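Colleague: How does the following fold in three dimensions:
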Amino acid sequence: MEITVNFKNIKSSDNLRDYVEKKLNRVDKLFDKPTEARVVFSKEKDIRIVEINLISSKLNIHVKETGGNMRPTIDLAVEKLKNQLKKFREKIYNHRTQRKPREEVVENEIVEE
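Modeller: Below you'll find the model as predicted:
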């Protein structure tokens, strides 16, 4: 997974960068294909904001979480991301299993009297 981390109105921190990369690498196991993750850390007054965009060929997920401290906010955002991914995978699985087998076309025979 390719991870891009940006900071807005907050000093960049290698600790936060490493922490979010570690968390997102765990989420990467839920994907079949390579994905890209964009993470934005920002601060408005006393509120910390974490935004995660997960981009794949079939999927685009956006998660935004706010809180007082960064690490718990990151944890909540990643948990939301996992839940959305699980819903997506279940949706695909359910659609595949509910397909009906193709029925053979039966030609109508004309009966002569």
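Colleague: so what's L54 bridging to?
Modeller: A37, I61 (DSSP bridges).
Colleague: Quick check on E44: phi, psi?
Modeller: phi -130, psi 110 (degrees, to the nearest 10).
Colleague: hmm, who's touching the host helix or strand of Y19?
Modeller: If you go by DSSP states H and E, Y19 is part of helix 14-27. Under the contact criterion Cβ atoms under 8 Å, 6 or more residues apart in numbering, helix 14-27 has outside partners 1, 3, 5, 37, 39, 41, 50, 52, 54, 70-71, 74-75, 78, 81-82, 85. For every residue, glycine as well, the C-beta is placed using N, CA and C.
Colleague: for stretch 46-54, same thing?
Modeller: Contacts for stretch 46-54 (Cβ under 8 Å, 6+ apart): 10, 20, 24, 27, 35-43, 60-70, 73-74, 77-78, 81, 85.
Colleague: Same question for stretch 69-79.
Modeller: 16, 19-20, 23-24, 26-27, 41, 48-52, 63-67.
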